[in-house]
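S.K.: Got a predicted structure plus its sequence, pasted below:
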Amino acid sequence: MTFAFPKKQHLAQREAITSLASHGKVLFRHPIKAFCLPAGDIGYPRYVFTVPKKLFKRAVKRNLLKRRMREAVRLNQEAVLGDFCADFLLVYIGKEVCSYHVIEAAVKEILAKGRGLAAEPEKPADIKPRP
RNA sequence: CAGGUGAGGCGCUCUGUCGGGGAUGCAUUAUGGCAUCUCAGGAAAGUCCGGACAGCACAGGGCGGCGCGCUGUGGAAAGCACAGAUGGGCGUAAGCUUAUGUCGCGCGUAGCAGAAAACAACCGGCCCGCCACGGCGGACCAAGGGUGAAAAUGUGGGGUAAGAGCCCACGGGGAUGUGCGGCGACGCACUUCCGGUACGCGCCCGCGCGCUGCAAGGCCAAAUAUACCGGCACAUAAGGGCUGCCCGCCCUUUGCCGGGGGGUAGGCUGCGAAAGAUAAAUGACAGAGGGGCGCCGCAAGGCGCUUACGGAACCCGGCUUACAGCCUCACCUUUUUU
RNA sequence: GGUCGAUUCGUCUAACGGUUAGGACAAGAGAUUCUCAAUCUCUAAAUAGGAGUUCGAUUCUCCUAUCGACUA
């Protein structure tokens, strides 16, 4: 089991992000709202972390929350998701800065929800394991 | 010891488990692997000034707009720094803070109150005339009262009908000249004079500024549409031109293929770095220690809380704002002790 | 990243540096009405915060906070 989080797991294309925000399924657990869209043929999940500037004016707090969400994903993605692959857009919605444990619980629940929700309607058959 | 003033500096440390950005090197089966080094601040912030750099404009001059305004030095420049001059304000003090061209050109403004806010006369003072003896009329005065943020140089003496820089002495303000000191702003002394306030963050005077900003600018360049060029196909179909008509030739209309210019998404550069990203790394968690504060305790110590402000996106010089706390030096004041 | 603008009663707004900061709607009290509405009278309520210039600041200058616009 590895906890790696390389740069390719950052979702960086504008088209992918806009389609994810418009077509993705919405998942919510208290401080975090997430958009999830299964994308099977890549071989690894991809993520975007966002904290609105409207809620936190100071860049320090936004950076801290994005780092905490990223650490929670990094440490739990393999245990919760397994070899399931999808794109996630995580938006922090809470009004104040929550501690790491609250964020970790929310992230775990959201990842599990995303896996169950995507696996239910049609099991994507074209998922290939990493070479 | 306590409180304060000024100048300068620091702004948590270690360990563990995981994880990132960049550079270099190695091997290599190349959406990857290994090793070494390195990775946020004093304000990185606000974007308030100035520069560097870039594009556009530009013979020269003018209008307009904006900014600044004591002196010297530093500086590429600055609403910059340091040192100083003069006046005002605050503080017992160390010191802090603020202002500085000109209203002895001109113009403008000075609400309300007040007689008058810049050609002063309400109450008042004094003299003359008239009468009913307290008023009226005429002339002179600017000391006293009252209003106001601000009222015409202060005190004393002379002088006068009463008064007044009307005159004199001293003081205060301003100006000319001379001498001395200072690089200079200016200061000191003497001489000769002047006498109606304030406002420069209104006009004015002097000086400076071309405008816009790295999302500036430059390069590469999918998809779609396509200027233009070439070829092929469909046809001799439709329209037009040459013509009186036919043939013929040319152009346009349709489709496909190739080339091709501008240019969008996007990318590279600008942006070289003892950080250098581009949906944006510089971290997360746990434990221990250190500092500070509070409580308990004679003490040793124990418990609890706290450990700030804040995150680079081209760079540099300043300014301003935010900041738990700690350290160093110099100085001031109060009390106590020696 | 850069360039600009705004902030006045609960709401929308006005103001030459010069009263007690004006008006409309809303709110409260009273009158009118058998009661309500409408109408009339009255009341309370604000210059975003902090410094400076000035005799005097909503207005002029600086700093801070908040909100908004433009710019690929």
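M.R.: Here it is on my side, so go on. Since the model is a prediction, treat every value here as computed from it, not as a measurement. Numbering: from 1, shown residues only, chains lettered A, B, ... in the order given.
S.K.: going forward, measure contacts between C-alpha atoms and count neighbours the same way
M.R.: Noted.
S.K.: Now do the phi/psi pair for A:Val51.
M.R.: phi -130, psi 120 (degrees, to the nearest 10).
S.K.: who's in contact with the nearest residue to it once chain neighbours are set aside?
M.R.: Excluding its sequence neighbours, the residue lying closest to A:Val51 (Cα to Cα, 6 or more residues apart in numbering) is A:Tyr92, at 5.1 Å. For A:Tyr92, the contact set (Cα atoms under 8 Å, 6 or more residues apart in numbering) comprises A:Pro31, A:Ile32, A:Lys33, A:Thr50, A:Val51, A:Pro52, A:Leu65.
S.K.: rerun at 7 Å
M.R.: Contact partners of A:Tyr92, counting by Cα atoms under 7 Å, 6 or more residues apart in numbering, are A:Pro31, A:Ile32, A:Lys33, A:Thr50, A:Val51.
S.K.: now, which of those sits nearest RNA strand B?
M.R.: A:Thr50 (7.4 Å; Cα to the nearest atom of the strand).
S.K.: what separates that closest one from A:His23, distance-wise?
M.R.: 18 Å (Cα to Cα, to the nearest Å).
S.K.: neighbour-wise, which of these two wins?
M.R.: A:Thr50 (19 against 12; other Cα atoms under 10 Å).
S.K.: Retrieve the pLDDT associated with that one.
M.R.: Predicted confidence (pLDDT) at A:Thr50: the value is 83.
S.K.: try A:Tyr44
M.R.: A:Tyr44 is assigned a pLDDT of 76 by the prediction.
S.K.: Tell me which helix or strand the closest residue in space to A:Tyr100 that isn't next to it in sequence sits in.
M.R.: Nearest non-adjacent residue to A:Tyr100, counting by Cα to Cα, 6+ apart: A:Arg68, 6.1 Å away. For A:Arg68, the element it lies in under DSSP states H and E is helix A:59-81.
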